[in-house]
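Enquirer: My questions are about this predicted structure, shown below with the sequence.
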Amino acid sequence: MGGVTTWTHQMAREFTARGHRLHVIGITPAPAGRQHEFPEPLPYDTTTLYDAHPPQVKPLRGLKGKLNAAERRRHAARAAGMRERADRMSALFAAARPGAVVIVTQVWAMEWVALADTKGLLVIGMSHESYEASAASSRLARVKRHYRDVDRLLTLTPGDADQLIRAGMDNVGHMPNALPFMPSAPVPREEKVVVSVGRLSHEKGVDMLLDAWAEIASRHPDWKLRIYGAGDEEQSLRRQTTELDLDGSVEWMGRTNDVLGALAGASVFAQASRAEGFPITLLEAMAAGVPCAAFDCAPGVREIIRDGEDGLLARLGNAAELGGHISTLISDKELRDRMGDAAFENVKRYSADEITDRWEALFAFLER
């Protein structure tokens, strides 16, 4: 899904280029409209375990649950399907021995991996979200249950790792995402355009960005907000745009597989997410040399943006403050050029080579 799929295939390409043999195993196909486009043929094998999403089940609580025959049948069917897919993974793992490493990118997938035979393999679990986002859902309990005995549990930042250690986990490390690309020079930053890239969903906060833009547009009527992305909230966001009288200054661009091309027409990048892990879109914008204004919604955002040096951070949910930061960058070309150039240099610490080196060092450490 989304950024995790992007990360998975990027790192698969990086590892393959280093001589590692890769096999990407997906649990389910992508939902309709959410498929990623990748070059064919891929330089590594892929397998998807289900043809469709496995059946949803409800908890069987108390006597009423025990007497619910239909729900018990759904539970039994799901469990049988999970065992069948786990056996298929066990065969793939057996073919990969000796010396194989299983990297589980989502705790949801660990529910299948835990049923498979991983004896003699290194198992690395990952959480691609902040500790706060995980704790606000059922996922933290699953992280603690399913990742407790893996060889290493990786978070995206040291801060998230520290919180998991305080929560009782003793196998925790951290590993940031890598840059998907690194241009040779910053983009021109000549157009009067603010760009946002991301899924049109509640967590990405585009509704708050539109609220902020309503004030910005009145002060900078010659600037445009260009939104790239698609999602369940698109129609409601378009209605909000009309209600705020912003149809003349907001451009809906749809999904794009050419993020660098989208950023080439930007002078400012805006991110209004309510929750993030280690957002790849921020890495991409900084790699393009576009200064960012974003909500300080997660440790990963603070790790990427050095507030006041290569971007500007606003308090989470404070649309007026975010709008003020965007307006500051719009109004001051010298500032946005200085911050954009600083972003272009600073983000190189997350280059694909640097992060792949860190992964290989981790493999070597765990194998000792």
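Expert: Sure thing, it's come through.
Enquirer: right, and the helix or strand after the one helix or strand Met82 maps to?
Expert: Using DSSP states H and E, Met82 falls within helix 69-96. Going down the chain from helix 69-96, the next helix or strand is strand 101-104, by DSSP H and E.
Enquirer: quick one, helices of the stretch 1-150 of the chain?
Expert: 2-17, 62-66, 69-96, 107-113, 131-135, 139-146 (DSSP state H, counting those that start in this stretch).
Enquirer: tell me what the last one is packed against?
Expert: Using 3 or more C-beta pairs under 8 Å, 6 or more residues apart in numbering; DSSP states H and E as the contact criterion, the neighbours of helix 139-146 among helices and strands are helix 107-113, helix 131-135. Any C-beta I mention is one placed from the backbone N, CA and C, and that applies to glycine too.
Enquirer: List the buried residues of it.
Expert: Neighbour counts over helix 139-146 (16 or more other C-beta atoms under 10 Å) mark Arg139, Leu140, Arg142, Val143, Lys144, His146 as buried.
Enquirer: of all those, which comes closest to Asp207?
Expert: Arg139 (23.8 Å; C-beta to C-beta).
Enquirer: How about that closest one: what's its closest non-neighbour residue?
Expert: Nearest in space to Arg139, with sequence neighbours left out and distances taken as C-beta to C-beta, 6 or more residues apart in numbering, is Val107 at 5.9 Å.
Enquirer: what's the neighbour count on that neighbour?
Expert: 25 (other C-beta atoms under 10 Å).
Enquirer: That one and Ala114 touch, don't they?
Expert: No - between Val107 and Ala114 there is no contact under C-beta atoms under 8 Å: 10.2 Å.
Enquirer: coming back round to it: looking at the helices and strands packed on helix 139-146, which is closest to Met253?
Expert: That would be helix 131-135 among those, by C-beta to C-beta, at 26.8 Å.
Enquirer: Can you list the buried residues in the helix or strand Asp211 falls within?
Expert: Using DSSP H and E, Asp211 falls within helix 206-219. Neighbour-count burial for helix 206-219 flags Val206, Asp207, Met208, Leu209, Leu210, Asp211, Ala212, Trp213, Ala214, Glu215, Ile216, Ala217 (criterion: 16+ other C-beta under 10 Å).
Enquirer: Adding distance to Leu362 and pLDDT, write those out as a markdown table.
Expert: Shown next, in a markdown table, are the buried residues of helix 206-219 (distance: C-beta to C-beta, whole Å; pLDDT from 0 to 100):
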| residue | distance to Leu362 | pLDDT |
| --- | --- | --- |
| Val206 | 36 | 98 |
| Asp207 | 39 | 98 |
| Met208 | 37 | 98 |
| Leu209 | 36 | 98 |
| Leu210 | 41 | 98 |
| Asp211 | 42 | 98 |
| Ala212 | 40 | 98 |
| Trp213 | 42 | 98 |
| Ala214 | 46 | 97 |
| Glu215 | 46 | 95 |
| Ile216 | 43 | 97 |
| Ala217 | 47 | 97 |
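Enquirer: Where do the strands of the chain begin and end?
Expert: 23-26, 45-48, 101-104, 122-126, 152-155, 172-174, 193-197, 224-228, 250-254, 268-271, 292-295, 311-314 (DSSP state E).
Enquirer: From one end of stretch 117-131 to the other, what's the distance?
Expert: With C-alpha to C-alpha, to the nearest Å as the measure, the ends of stretch 117-131 fall 29 Å from one another.
Enquirer: oh, I was asking about stretch 49-62
Expert: For stretch 49-62, the end-to-end distance is 32 Å (C-alpha to C-alpha).
Enquirer: Buried ones in it, by neighbour count?
Expert: Under 16+ other C-beta under 10 Å, the buried positions of stretch 49-62 are Leu49.
Enquirer: so what pLDDT did Gly62 get?
Expert: Gly62 is assigned a predicted lDDT (pLDDT) of 73.
Enquirer: Now stretch 236-247 - C-alpha only, CSV.
Expert: The C-alpha coordinates for stretch 236-247 follow below in CSV (Å, rounded to 0.1, in the frame of the first residue of the first chain):
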residue,chain,number,x,y,z
SER,A,236,-15.4,16.0,-0.6
LEU,A,237,-12.1,17.9,-1.0
ARG,A,238,-13.3,19.3,-4.3
ARG,A,239,-16.5,20.4,-2.7
GLN,A,240,-14.5,22.1,0.1
THR,A,241,-12.5,23.9,-2.6
THR,A,242,-15.6,25.2,-4.2
GLU,A,243,-17.1,26.3,-0.8
LEU,A,244,-13.9,28.2,0.0
ASP,A,245,-14.1,29.9,-3.5
LEU,A,246,-10.7,28.4,-4.4
ASP,A,247,-11.5,26.7,-7.7
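Enquirer: The buried residues of helix 139-146 into TSV, with extra columns for distance to Gly62 and pLDDT?
Expert: TSV is the format used below for those (distance: C-beta to C-beta, whole Å; pLDDT from 0 to 100):
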residue	distance to Gly62	pLDDT
Arg139	25	91
Leu140	25	95
Arg142	22	94
Val143	27	96
Lys144	25	96
His146	25	95
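Enquirer: Could you identify the most distant pair in those residues?
Expert: Farthest pair in the buried residues of helix 139-146, by C-beta to C-beta: Leu140 and His146, 11.1 Å.
Enquirer: In CSV, list the buried residues of helix 139-146 along with distance to Ala167.
Expert: Listed next are the buried residues of helix 139-146 as CSV, based on distance: C-beta to C-beta, whole Å:
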residue, distance to Ala167
Arg139, 13
Leu140, 8
Arg142, 13
Val143, 9
Lys144, 7
His146, 14
